[in-house]
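**Q** Only the shape, not the letters, is given here:
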């Protein structure tokens, strides 16, 4: 069945770049998403990429998609303390359903 | 502003009691979803509805029930049959055929007394 995997924790220094990685299994996924969750809050859509694209850039965020290896990454440039949160990777499957990874907790330290 | 409103933000359930979580959206979205989030895990789909008066079970529907009498509303009932209801519950909605992603509410945290 479909499965999405992420590393659970990432720690970076303020000002450095963060790279959060994700692997997925469903090669028929149309879209892949990155959501951000701050403590006690819902999920905020950060960005998404169509499966026929290799890269998408949006200000400090860069998404890279390697469809052959079913690997997705999110790069945050110039990471700030406000970027500390849990980041979820998700793939789309039938009927607009989403399959989520377990989330990567990003900790930004001075 | 348009959005998804979940209420209450915190909810407590006694043993053997049913509780209902509210989800309302004014985005004119067709599809609505309920997810459960446990610590250290991703979101798991409980139920979803693509159109009024119709809904389907997700991956973990046992112990839950839903209704979709209005386009704007998709309440979730956590029944006494759900033996481990303590979790964070998230509602989402989507405009069908738009290729747009799901929008999420701010969640309801349910705890057992």
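**A** Thanks, I have it. Quick caveat: nothing in here was measured; it's all calculated off a predicted structure.
**Q** how many neighbours does the nearest residue to residue A:39 once chain neighbours are set aside have?
**A** Closest residue to residue A:39 apart from its sequence neighbours, by Cβ to Cβ, 6 or more residues apart in numbering or on different chains: residue A:85 at 7.9 Å. For the C-beta atoms, the positions are set from N, CA and C on the backbone; glycine is no exception. When neighbours are counted by other Cβ atoms under 10 Å in any protein chain shown, residue A:85 registers 20.
**Q** beta partners for residue A:85?
**A** Note on residue A:85: beta-bridge partners residue A:106, judged by DSSP bridges.
**Q** Quick check: it vs residue A:107, distance?
**A** The spacing between residue A:85 and residue A:107, counted by Cβ to Cβ, to the nearest Å, is 10 Å.
**Q** ok, now residue B:34?
**A** Counting by Cβ to Cβ, the gap from residue B:34 to residue A:107 is 30 Å.
**Q** More neighbours: which of those two?
**A** When neighbours are counted by other Cβ under 10 Å, residue B:34 comes out ahead of the other of residue B:34 and residue A:107, with 27 against 13.
**Q** how distant is the helix or strand encompassing that one from the center of its chain?
**A** Residue B:34 belongs to strand B:31-37 when assigned by DSSP states H and E. Computed by Cα atoms, centre = their mean, to the nearest Å, the chain-centroid distance of strand B:31-37 equals 4 Å.
**Q** Who does the very next helix or strand once past it pair with, and is each partner parallel or antiparallel?
**A** Sequence order places strand B:43-51 as the next helix or strand after strand B:31-37, per DSSP H and E. Taking DSSP bridges as the criterion, strand B:43-51 forms sheet pairs with strand B:31-37 (antiparallel), strand B:54-57 (antiparallel).
**Q** Could you list the low-pLDDT ranges of the chain?
**A** Since no chain was named, I'll use chain A. Flagging of chain A using pLDDT under 70 yields the residue ranges A:1-2, A:94-95.
**Q** wrong one, chain B
**A** Within chain B, the ranges that satisfy pLDDT under 70 run B:1-2, B:97-99.
**Q** near chain A, which residues of it show up?
**A** B:4, B:6, B:31, B:33, B:35, B:40-45, B:48, B:50, B:56, B:58, B:90, B:92, B:94, B:96, B:99, B:101-107, B:109 (Cβ under 8 Å from any Cβ of the partner chain).
**Q** Enumerate every residue touching the residue nearest to residue A:39.
**A** A:36, A:37, A:38, A:39, A:105, A:106 (Cβ atoms under 8 Å, 6 or more residues apart in numbering or on different chains).
**Q** What strand or helix carries the first one?
**A** If I follow you right, that is residue A:36. Here residue A:36 sits within strand A:31-37, counting by DSSP H and E.
**Q** Can you name the residues in contact with that strand?
**A** Contacts to strand A:31-37, defined as Cβ under 8 Å, 6+ apart, come from residues A:20, A:22, A:24, A:43-51, A:61, A:63, A:65, A:72, A:74, A:85-92, A:98, A:103, B:99, B:101, B:104.
**Q** Would you pull up the residue in chain B closest to chain A?
**A** Residue nearest to chain A within chain B (Cβ to the nearest Cβ): residue B:42, separated by 3.5 Å.
**Q** Spit out the contact partners of that residue.
**A** By Cβ under 8 Å, 6+ apart, the residues touching residue B:42 are A:4, A:88, A:90, A:100, A:101, A:102, A:103.
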